[in-house]
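Engineer: how does the following fold in three dimensions:
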Amino acid sequence: MQKPVVVVHGGAGAWQPERRKDGMTGVKAAAKAGYDTLKSNGTALDAVEAAVKSMEDNSVFNAGLGSTLTIDKQIEMEASIMDGKTLNAGATGLLADIKNPVSLARITMENTDHVFVVARGAEKLADLFHLERRKPVTELRLRYWKELTQKLKQGEIQNLPKLKKLITAHPNLFETDTVGAVALDMEGNTAAATSTGGFALKLPGRIGDSPLIGCGTYADNEAGACSTTGIGEVAIRLVLAKHACDLMRNGAQTAQQAVENSIILVNRRLRVKSSMGLIAVDSQGRIGAAHNTPNLAWAYMTPRSNKPKASMEAKLIVETNLESANL
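Structural biologist: As a prediction, the model looks like this:
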């Protein structure tokens with residue numbers, strides 16, 4: 001077993017050239033934030049929260065600051081977190097101005113009898129715990145929104161609800177990025193967390209996979225931890241994060257085998273270009289990352305790493321060669 005371990009992702013999809021460099025810098029910083037927390041005797045739960053907060057505070061990612069806009073030009077953020085030791089979990093959604101949604105998800109887990117709290121109730125809970133607020137709209141996201149809505153008005157996007165046709169016709173227009181982290185701490189406990197601004201031009205009130213336990217986030221010490229990124233509706237239909245963890249249960253598959261087989265499941269069952277990526281860590285500290293998209297921004301740190309290793313691609317990386325891979 002190798003421990004502690006942290007793996008992060010900053011989103012699967014077609015990363016625009018203008019964002020790639022900052023994306024790589026951002027996932028490295030997030031991995032380091034999570035790993036430094038682990039090395040300071042923090043728990044896996046502390047580590048994934050720290051890593052995700054780092055990305056929520058970075059406008060290059062579609063989470064927290066820099067979240068995408070709904071079709072009516074609003075922000076609706078969502079996040080979740082899960083403790084693999086206890087199976088406790090917390091989630092939140094439909095947030096307009098909470099600085100760090102992942103922290104509100106943890107507050108929900110640790111201070112209420114519920115798992116999922118959204119909208120007005122979540123905002124009240126944030127006020128009770130004095131969570132910081134901020135306006136998350138950035139100039140980049142406003143520009144993307146204007147470009148997309150103009151294409152919609154001009155008839156270039158003709159069938160908005162039909163995801164297959166939409167992605168096929170406009171593969172680079174729609175931001176499906178999500179941020180997430182998984183970790184294994186010195187005590188052998190796992191945790192996972194995921195946060196997002198959601199799908200660009202989504203309908204108001206739409207909830208994706210990121211706050212849904214088992215879909216976008218799952219952790220169980222008997223298996224491992226997983227965070228997903230991509231088209232939320234895909235992960236929801238397959239309960240994808242839980243599926244990946246079940247493949248790792250009791251060492252049946254390594255983390256890399258589990259995420260690759262999960263992508264194979266997506267491609268086989270849905271039979272369309274269903275953009276998806278996963279990161280995972282298993283109970284032995286082995287890590288995995290896979291995707292069926294042009295890019296997956298991800299990074300990791302292990303006891304054999306003296307600095308974060310990051311890449312824009314992870315497809316078909318062999319688990320046993322992760323440390324020597326050209327990252």
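Engineer: direction included, what does the helix or strand where Ala225 lies pair against?
Structural biologist: Following DSSP states H and E, one finds Ala225 within strand 224-230. Looking at strand 224-230 with DSSP bridges, its partner strands are strand 217-220 (antiparallel), strand 276-282 (antiparallel).
Engineer: what's the closest of these to Gly121?
Structural biologist: In terms of C-beta to C-beta, the element of these nearest to Gly121 is strand 217-220, at 20.1 Å. Quick note: C-beta positions are derived from backbone N, CA and C, even for glycine.
Engineer: who touches that closest one?
Structural biologist: 44, 80-84, 87, 89, 91, 180, 182, 190-194, 210-211, 225-228, 241-242, 244-245, 249 (C-beta atoms under 8 Å, 6 or more residues apart in numbering).
Engineer: any of these buried? List them.
Structural biologist: Among the contacts of strand 217-220, those that count as buried by neighbour count (16 or more other C-beta atoms under 10 Å) are 44, 80-84, 89, 91, 180, 182, 190-194, 210-211, 225-228, 241-242, 244-245.
Engineer: in strands, which of those fall?
Structural biologist: 80-83, 89, 91, 180, 182, 190-194, 225-228 (DSSP state E).
Engineer: ok, back up a step: for Val115, which of the strands paired with strand 224-230 is the nearest?
Structural biologist: strand 217-220 (11.1 Å).
Engineer: now stretch 41-59: average pLDDT?
Structural biologist: Average pLDDT, stretch 41-59: 98.
Engineer: repeat for stretch 65-84
Structural biologist: 92.
Engineer: kindly report the same for stretch 11-18.
Structural biologist: Rounded mean pLDDT across stretch 11-18 is 88.
Engineer: just stretch 286-304 next, same as before
Structural biologist: The average pLDDT within stretch 286-304 is 95.
Engineer: now that stretch: buried residues?
Structural biologist: Under 16+ other C-beta under 10 Å, the buried positions of stretch 286-304 are 286-293, 295-302.
Engineer: hmm, who's touching the biggest helix by length in the chain?
Structural biologist: Longest helix in the chain, counting residues (DSSP state H): helix 17-39. Residues outside helix 17-39 that contact it (C-beta under 8 Å, 6+ apart) are 4-11, 15, 44, 46-48, 50-55, 58, 60-61, 179, 181, 183, 185-186, 295, 297-301, 307-308, 310, 312.
Engineer: of those, select the buried ones using a PyMOL command.
Structural biologist: Applying 16+ other C-beta under 10 Å to the contacts of helix 17-39 leaves a buried subset, and the PyMOL line that selects it is:
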select buried, resi 4+5+6+7+8+9+10+11+15+44+46+47+48+50+51+52+53+54+55+58+60+61+179+181+183+185+295+297+298+299+300+301+308+310+312
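Engineer: go through the contacts of helix 17-39 and flag which are in helices.
Structural biologist: Reading helices off these with DSSP H, I get Ala44, Asp46, Ala47, Val48, Ala50, Ala51, Val52, Lys53, Ser54, Met55.
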